[in-house]
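Peer 1: here is a sequence with its predicted model. Questions after.
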Amino acid sequence: MSETMPSQRKQISIPIASAIMLFVLVSAIAVGCSKQAAPKIIQPDPVSVKVQTAQERFSIAYTLDYPAMVVAEQEAKVIAKTSGTLSEAAFEVGDKVNIGDRLFKIDDVNGSSPTDGFSAYQIKQAQLAAQQAFTSYQMAQNNYDNLIVSSAKDLKQAEIAKSQAQTGKINLNQTTSDSLKSAQLAYDTAKIGTEQARLAFENRKAISNESTTDTAANASLSAETAIDTCNTIITSLLNMLDVDRDAGGIQPYSNMLGIAEPSARPAGRMAYLAAKAAIDAYRLNPPTETSAKVDAAIDIAKKTKTLTDASKRILDNTFQSVSLPLSSAAGASLNGLQSTVAGYQAQASGLVTQLTNVKQGINNVGLNNDATLDGLQKAYELAQQQEQMAAQNLQNLKSSIKSQIDAADFGAQAADNQYSSIRTKLDTQISVSKSQADLAGIQYQNALTSLNSLIDMHESIAPITGVITKKYVDNGATVSAGQVIAVISTQDDIKIQFFIDQGHLETIRPGMAMTIKDSEGQQATGTILAVTPQADAVTKRFLVEAKANTVPKTNLTLGTIATVTLPIIKLAPQGSLLMPLVAVDIGQSGASIFTLEGETAKKILVQVGKIEGETAEVIVQLPEDAKIVVDGNKLIQDGDKVRIAQ
């Protein structure tokens, strides 16, 4: 018993010691764990974002660049007046020419060319007259172009004022009945139609009177000029051929004239007496009525033509002699006289044709004016009737609400009248300016025609002062009547042409400023003159013409390529903002943007309207000073703290 007890105590003490050690170890671990620090929560830095106010997104400014061509404001084609072989064409592309300069000659197919039979002094005077007429035409055309630009600005301001007044009136009329709106619209339309019909009638009447007066003045001048020319021809034939005698004369060769046909000279004398008597009768008692004056001129021209034919008959039956050789370097010759008479024949024939056309033109002007005025008068009367009916209907409906709309009607009517007055004034000024430019152009063409009539049809002169920009034919080539030989362009007066897309048609208007950059990077300012309302059939783009305001010497030469830059400002529709497309988030709940409240991002649902390129119309109502995130929105969520980037 005494031996077994110690042994049992030993067996019991081992598990107790193990338990004590385990307890101490667990306690140590627990104490160690309790002494470690709690983990820290690291807050992320605020995201940097870029913002703009809502007011800044009401509009966006950008530029449009287009390639453009520098072209001449005026150019003229030099055309062959007869068929033959081109010779004496000493000009090349780039050469400068003056109006009236001789450019080339066209020989007959057999190599012959008519003898020069015109006066150098007359040509010089005609050249001066043509140059002066061309200068007047340029001034009138420039005045017209400038008036178009300034009128567009004035009319736009009046149109804005009219639009504002009409908007106020429409807002008030929204409180009235639909029947009143319809009646008011019908009355306004009829009134505008009446005013337009009246203006069309009055303007056409003024233009008709002016055209009739101008036609009569031009016809009278043509008749006087033709009669003077005929008198010159008759006097010249009298001095050369003694056509006032049946035989003999003061010339050393008079006895040889018409000797092969005895009846030739008596016939010439009869033709001379008839032509001379017609001119004397005209001078003694000139007609006062234009048509009668033209008829008298036609009669004189025809008798002058008969005299030239009789003179040719005399020379055809004349033998060469010592006093009248076949040809001569100095003095009279049979060939020389025949060439001169042939020129008179052509000139007299041309006068008959010209005066006949003048006579027909007088008749046509009267018929056209009467028919047009009759149609416009009937349209005006119909418009007046429609206006009266619309006014009566409107008055009946206005009786119950007149006190409410009187003020709005007065303002709208005043703006409408002011717009109509300005438009009428501008239309009249433009019409007068256009008429002046057209008249100057006609006078220039008449002066050029007079100059050309002094020079043989085998020769061609420069119709304007400028630079040769195209040459199609060289010396020795065979040309046909009507074939273009060269093109002359004015060097100083240039314009810029380029094409725009349909999407920018309403944005780009006459009068807009722009920047023009040439191929060397030099810049000039410019102004848009006109935008063609009809697209090109092939490219479906619209032609724009502009004028350079300042052109340095090294800039913008004919035929070069330039780049035009147009500043554009696009306005957002009412109740919308123009946002960068990247600033709009599209999710399952719809489109949204972020605004800032202090330093906290706030997500706002919006509606997306029209999208153009990288810009979207966002429909949302925000204060003007609201801050909108335009960059960095992809990195934030609703309620995040943000930092505004500088």
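Peer 2: Happy to help now that I have it.

Peer 1: C-alpha coordinates for stretch 181-195, CSV please?
Peer 2: This file holds the C-alpha atoms of stretch 181-195, laid out as CSV (Å, rounded to 0.1, in the frame of the first residue of the first chain):
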residue,chain,number,x,y,z
LYS,A,181,-54.5,82.9,-84.5
SER,A,182,-55.6,81.5,-87.9
ALA,A,183,-57.3,84.8,-88.8
GLN,A,184,-54.3,86.8,-87.7
LEU,A,185,-51.9,84.7,-89.7
ALA,A,186,-54.2,84.9,-92.8
TYR,A,187,-54.3,88.7,-92.5
ASP,A,188,-50.6,89.1,-92.1
THR,A,189,-49.9,86.8,-95.0
ALA,A,190,-52.4,88.6,-97.2
LYS,A,191,-50.9,92.0,-96.2
ILE,A,192,-47.4,90.9,-96.9
GLY,A,193,-48.6,89.4,-100.2
THR,A,194,-50.3,92.7,-101.1
GLU,A,195,-47.2,94.7,-100.2
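
Peer 1: ok, and for that stretch, which residues are buried?
Peer 2: 183-184, 186-188, 190-191, 193-195 (16 or more other CB atoms under 10 Å). Where you see a C-beta, it was placed from the backbone N, CA and C, and this is true even at glycine.

Peer 1: any low-confidence regions in the stretch 301-450 of the chain?
Peer 2: By pLDDT under 70, the stretch 301-450 of the chain contains no weakly predicted segment.

Peer 1: now the helices for it?
Peer 2: 334-398, 402-453 (DSSP state H, counting those that start in this stretch).

Peer 1: got it, and the chain?
Peer 2: 4-34, 120-173, 178-241, 264-284, 290-316, 334-398, 402-453 (DSSP state H).

Peer 1: and of the helices of the stretch 301-450 of the chain, who's closest to residue 125?
Peer 2: Proximity to residue 125 (CB to CB) singles out helix 402-453 among these, at 9.2 Å.

Peer 1: and the angle for the closest one with helix 120-173?
Peer 2: 170 degrees (axes from the mean of the first three to the mean of the last three CA atoms, to 10 degrees).

Peer 1: tilt between helix 402-453 and helix 334-398?
Peer 2: Using the same axes, to 10 degrees: helix 402-453 against helix 334-398 is 180 degrees.

Peer 1: test my guess that residue 485 contacts residue 82.
Peer 2: No - using CB atoms under 8 Å, residue 485 is not in contact with residue 82, being 11.9 Å away.

Peer 1: which of those two has more residues huddled nearby?
Peer 2: Per other CB atoms under 10 Å, whichever of residue 485 and residue 82 has more neighbours is residue 485, with 22 against 16.

Peer 1: ok, now which ones touch the more buried one?
Peer 2: Residues near residue 485 by CB atoms under 8 Å, 6 or more residues apart in numbering: 78-80, 86, 89, 103-104, 460, 471-473, 479.

Peer 1: out of those residues, list just those in strands.
Peer 2: Judged by DSSP state E, the contacts of residue 485 include 78-79, 86, 103-104, 460, 471, 479 as members of strands.

Peer 1: mind checking which of the residues you listed are buried?
Peer 2: Members of the ones in strands among the contacts of residue 485 classed as buried by 16+ other CB under 10 Å are 78, 86, 103-104, 460, 471, 479.

Peer 1: possible to save these as JSON lines with distance to residue 505?
Peer 2: Converted to JSON lines, those look like this (distance: CB to CB, whole Å):
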{"residue": "78", "distance to residue 505": "37"}
{"residue": "86", "distance to residue 505": "46"}
{"residue": "103", "distance to residue 505": "42"}
{"residue": "104", "distance to residue 505": "45"}
{"residue": "460", "distance to residue 505": "42"}
{"residue": "471", "distance to residue 505": "38"}
{"residue": "479", "distance to residue 505": "43"}
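
Peer 1: how far away is the nearest residue to residue 264 once chain neighbours are set aside from residue 265?
Peer 2: Excluding the flanking residues, the one nearest residue 264 by CB to CB, 6 or more residues apart in numbering is residue 258, at 3.6 Å. Between residue 258 and residue 265 the computed distance is 4 Å (CB to CB, to the nearest Å).

Peer 1: what do these two both touch?
Peer 2: With CB under 8 Å, 6+ apart, residue 258 and residue 265 have common neighbours residue 314.

Peer 1: tell me who's in contact with residue 638.
Peer 2: Going by CB under 8 Å, 6+ apart, residue 638 touches 594, 601-603.

Peer 1: residue 204 too?
Peer 2: 372-373, 376.

Peer 1: cool, and residue 207?
Peer 2: Contacts of residue 207 (CB under 8 Å, 6+ apart): 431, 435.

Peer 1: if we go to 6 Å?
Peer 2: Counting by CB atoms under 6 Å, 6 or more residues apart in numbering, residue 207 touches no other residue.

Peer 1: what does residue 490 give?
Peer 2: 72, 74, 466.

Peer 1: related to what we said a few turns ago, and the residue nearest to residue 264, how far from residue 319?
Peer 2: Distance from residue 258 to residue 319, by CB to CB: 10 Å.

Peer 1: between these two, tell me which one has more neighbours.
Peer 2: Using other CB under 10 Å as the criterion, residue 258 and residue 319 rank with residue 258 on top: 26 against 13.

Peer 1: can you count the residues close to residue 339?
Peer 2: 15.

Peer 1: and for residue 403?
Peer 2: For residue 403, the number of neighbouring residues by other CB under 10 Å comes to 8.

Peer 1: state the pLDDT value of residue 174.
Peer 2: Per-residue pLDDT puts residue 174 at 60.

Peer 1: what sits closest to residue 278 if chain neighbours are left out?
Peer 2: In space, residue 278 is closest to residue 300, 4.7 Å off (CB to CB, 6+ apart).

Peer 1: number of nearby residues for the one you found?
Peer 2: Neighbours around residue 300, by other CB under 10 Å: 29.

Peer 1: ok, it touching residue 231?
Peer 2: No - with contact defined as CB atoms under 6 Å, residue 300 does not count as touching residue 231 (8.4 Å).

Peer 1: residues in contact with both of those two, list them for me.
Peer 2: With CB under 6 Å, 6+ apart, residue 300 and residue 231 have common neighbours residue 279.

Peer 1: list the contacts for the spatially closest residue to residue 186 that is not a sequence neighbour?
Peer 2: Spatial nearest neighbour of residue 186, chain neighbours left out: residue 390 (4.6 Å); criterion: CB to CB, 6+ apart. Going by CB under 6 Å, 6+ apart, residue 390 touches 186-187, 190.

Peer 1: mind putting these into JSON lines with pLDDT and distance to residue 158?
Peer 2: Shown next, in JSON lines, are the contacts of residue 390 (pLDDT from 0 to 100; distance: CB to CB, whole Å):
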{"residue": "186", "pLDDT": "89", "distance to residue 158": "24"}
{"residue": "187", "pLDDT": "87", "distance to residue 158": "21"}
{"residue": "190", "pLDDT": "90", "distance to residue 158": "21"}
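
Peer 1: quick check: of the residues you listed, which lies closest to residue 519?
Peer 2: Among the contacts of residue 390, residue 190 lies closest to residue 519 (CB to CB), at 55.8 Å.

Peer 1: show me the contacts for the closest one.
Peer 2: 386-387, 390.

Peer 1: out of these, who's nearest residue 313?
Peer 2: residue 386 (70.1 Å).

Peer 1: what's near enough to touch that closest one?
Peer 2: By CB under 6 Å, 6+ apart, the neighbours of residue 386 are residue 190.

Peer 1: can you do 10 Å?
Peer 2: 186-187, 189-191, 193-194, 197 (CB atoms under 10 Å, 6 or more residues apart in numbering).

Peer 1: nearest residue to the middle of the protein?
Peer 2: By CA atoms, centre = their mean, the chain has its centre lying nearest to residue 530, at 4.6 Å.
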